[in-house]
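Novice: Okay, structure incoming, though there's no sequence with it:
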């Protein structure tokens, strides 16, 4: 099950989004600034997460059992921004 994290409870996501070096400002806005919506499989120690702004950022272990839950959050026409490891 995924939960939506409110803007005050996103610090645990930092390590999941570390592989977005070119988007560090966007990641900081999501985690520290509370922008957008964030869904994760846990609040304290999430293994997968999806940040939703004008685009979508997938994070975490693409092989984790909860990873398919992130894709169910996507709608037709959504384009996730992520490295190839989620799609290989």
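Specialist: That came in fine, so what should we check first? Keep in mind it's a predicted model, so treat the numbers as computed, not measured. Numbers count the residues shown, from 1 in each chain.

Novice: in stretch 30-39, what counts as buried?
Specialist: 30-31, 36-39 (16 or more other CB atoms under 10 Å). From N, CA and C alone the C-beta is placed, and that goes for glycine too.

Novice: State the pair within those residues that is farthest apart.
Specialist: 31 and 39 (13.7 Å; CB to CB).

Novice: Need the buried residues of stretch 30-39 in CSV (columns: distance to residue 17, secondary structure and pLDDT).
Specialist: CSV is the format used below for the buried residues of stretch 30-39 (distance: CB to CB, whole Å; DSSP: H, G, I helix; E, B strand; the rest coil; pLDDT from 0 to 100):
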residue, distance to residue 17, secondary structure, pLDDT
30, 8, helix, 91
31, 7, helix, 91
36, 12, coil, 94
37, 14, strand, 95
38, 10, strand, 95
39, 13, strand, 96
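
Novice: Just give me the closest of those residues to residue 1.
Specialist: Of all the buried residues of stretch 30-39, residue 1 sits closest to residue 39, with 10.1 Å by CB to CB.

Novice: The closest one touches residue 3, doesn't it?
Specialist: Yes. At 7.0 Å, residue 39 counts as touching residue 3 under the criterion of CB atoms under 8 Å.

Novice: Let me see the contact set for residue 42.
Specialist: residue 3 (CB atoms under 8 Å, 6 or more residues apart in numbering).

Novice: mind checking which helix or strand it is in?
Specialist: Per DSSP states H and E: residue 42 is located in neither a helix nor a strand.

Novice: circling back: is it possible to export the buried residues of stretch 30-39 to JSON lines including distance to residue 10?
Specialist: Formatted as JSON lines, the buried residues of stretch 30-39 follow (distance: CB to CB, whole Å):
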{"residue": "30", "distance to residue 10": "7"}
{"residue": "31", "distance to residue 10": "5"}
{"residue": "36", "distance to residue 10": "10"}
{"residue": "37", "distance to residue 10": "11"}
{"residue": "38", "distance to residue 10": "6"}
{"residue": "39", "distance to residue 10": "11"}
